[in-house]
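Asks: below is the structure, and that's it, no one-letter string:
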């Protein structure tokens with residue numbers, strides 16, 4: 001279509017030049033000055049269109065700052081696989097776990113901002129690391145938001161060895177045995193959620209940090225910890241494996257885990273939400289961000305894609321660049337205020 005438009009424009013310019021020349025030399029002068037300007041405009045439009053369609057011309061690296069097997073890893077691998085087909089280039093996914101996401105995000109922040117290295121982060125993990133971490137090599141403005149495709153909640157699971165069949169069982173035991181209940185976690189979000197639960201229930205728990213959701217799952221399945229905080233997608237995976245899902249941290253029940261009660265409905269004032277944000281290094285060109293944003297929107301709009309997400313116990317919710325940035329800003333300010341009011345809220 002662009003080529004046809006260009007040909008039509010050039011034909012019109014040529015026709016106008018011939019007609020004006022035939023009308024005499026006095027009429028020809030304006031045409032001779034107009035033709036180059038019109039031609040230049042056509043060439044500029046073609047150049048801009050070429051720039052927009054050129055990306056990506058090679059493989060795109062995608063950094064996941066958590067270990068393989070967790071909620072962020074599974075969702076982002078689904079997304080990048082679909083984007084490969086949509087954009088016609090391979091997305092090379094790598095897990096750079098460690099430091100509660102800092103290892104991977106440090107590498108991403110330092111990467112060349114040409115669109116060929118992008119990645120993902122988890123909203124509350126990212127915010128809490130920035131607000132509480134020491135010697136963090138990046139800051140809140142080190143990344144460009146591209147979009148988000150999900151909303152999720154975490155759940156609290158108990159191993160068979162713990163003997164906890166309900167949240168009240170856990171609370172009763174923890175009150176009689178302060179600090180004796182171990183909880184496997186794999187991010188700052190989990191630390192905040194455990195802290196909120198401890199405050200709401202008036203108990204003291206002991207957290208055990210893991211590199212990712214997969215590690216936390218193995219720990220609770222193996223009975224190495226009493227409980228684990230995990231993404232809701234693991235609820236279906238642990239069915240029949242001697243693990244009991246006690247409650248979710250969400251404000252309301254989600255359809256994909258409708259059988260799991262929330263902590264708030266069980267009488268504990270806890271409510272959090274998690275979503276993954278696709279990001280690029282600060283300064284990535286606008287046209288590249290637009291290509292990536294549009295691709296995420298196209299592939300996630302596909303009913304088959306959303307059906308796969310549902311099968312993973314993920315809830316689809318698309319946010320564009322502006323929307324996800326505004327939401328992340330609100331999370332940042334809310335956690336910043338919490339810590340200003342209670343500096344020890346996340347101390348473990």
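Replies: Yep, it's here. Bear in mind the structure is a predicted one, so any value in this text is a computation, not a measurement.
Asks: low-confidence stretches in this structure?
Replies: 1-53, 347-348 (pLDDT under 70).
Asks: quick one: the helices in it?
Replies: 2-22, 25-54, 71-87, 102-110, 123-132, 167-176, 188-201, 213-221, 234-237, 286-301, 303-311, 321-341 (DSSP state H).
Asks: for residue 246, find the nearest of those helices.
Replies: helix 167-176 (4.5 Å; CB to CB). No exception for glycine: its C-beta is placed from N, CA and C like everyone else's.
Asks: okay, the angle between the closest one and helix 188-201?
Replies: Orientation check (axes from the mean of the first three to the mean of the last three CA atoms, to 10 degrees): helix 167-176 against helix 188-201 gives 80 degrees.
Asks: list the buried ones in helix 167-176?
Replies: 167, 170, 171, 173, 174 (16 or more other CB atoms under 10 Å).
Asks: and residue 65, how far from residue 103?
Replies: 6 Å (CB to CB, to the nearest Å).
Asks: again but with residue 137, I slipped
Replies: 10 Å.
Asks: ok, the two, which is more surrounded?
Replies: Shown here are residue 137 and residue 103; by other CB atoms under 10 Å, residue 103 has more neighbours (18 against 14).
Asks: skip the chain neighbours and tell me the closest residue to the more buried one.
Replies: residue 96 (5.2 Å; CB to CB, 6 or more residues apart in numbering).
Asks: contacts only, for that neighbour.
Replies: 63, 64, 65, 103, 104, 107 (CB atoms under 8 Å, 6 or more residues apart in numbering).
Asks: how about a cut-off of 6 Å?
Replies: Going by CB atoms under 6 Å, 6 or more residues apart in numbering, residue 96 touches 63, 65, 103, 104, 107.
Asks: and those, which is closest to residue 334?
Replies: Nearest to residue 334 among the contacts of residue 96, with distances taken as CB to CB, is residue 65, at 21.9 Å.
Asks: what number of residues lie near that closest one?
Replies: Neighbours around residue 65, by other CB under 10 Å: 30.
Asks: next: residue 80.
Replies: 20.
Asks: state the distance from residue 233 to residue 291.
Replies: In terms of CB to CB, residue 233 sits 29 Å off from residue 291.
Asks: longest strand in this structure, please.
Replies: For the chain, the longest strand by residue count, based on DSSP state E, is strand 143-151.
Asks: packing partners of that strand?
Replies: Helices and strands touching strand 143-151, by 3 or more CB pairs under 6 Å, 6 or more residues apart in numbering; DSSP states H and E, are strand 276-281, helix 286-301, strand 315-319, helix 321-341.
Asks: would you mind getting the angle between that strand and strand 315-319?
Replies: 150 degrees.
Asks: distance from strand 143-151 to the middle of the chain?
Replies: 5 Å (CA atoms, centre = their mean, to the nearest Å).
Asks: direction included, what does that strand pair against?
Replies: When pairing is defined by DSSP bridges, strand 143-151 lines up against strand 276-281 (antiparallel), strand 315-319 (antiparallel).
Asks: with distance to residue 190 and mean neighbour count added, can I get the ones you listed in TSV?
Replies: Below are the strands paired with strand 143-151 laid out as TSV (distance: least, CB to CB, whole Å; neighbours: other CB atoms under 10 Å):
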stretch	distance to residue 190	mean neighbour count
strand 276-281	15	24
strand 315-319	19	17
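Asks: next, format these as TSV and append distance to residue 262.
Replies: Below are the strands paired with strand 143-151 laid out as TSV (distance: least, CB to CB, whole Å):
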stretch	distance to residue 262
strand 276-281	21
strand 315-319	14
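Asks: quick one: closest of the ones you listed to residue 260.
Replies: If we rank the strands paired with strand 143-151 by CB to CB, the stretch that ends up nearest is strand 315-319, at 13.4 Å.
Asks: can you list the domains in the protein?
Replies: 2-53, 60-152+274-341, 154-257 (automatic domain parsing).
Asks: circling back to that earlier point, measure the residue nearest to residue 103 to residue 153 for me?
Replies: Residue 96 is 25 Å from residue 153, by CB to CB.
Asks: now do residue 281
Replies: 30 Å.
Asks: with residue 241 instead?
Replies: Residue 241 is 21 Å from residue 153, by CB to CB.
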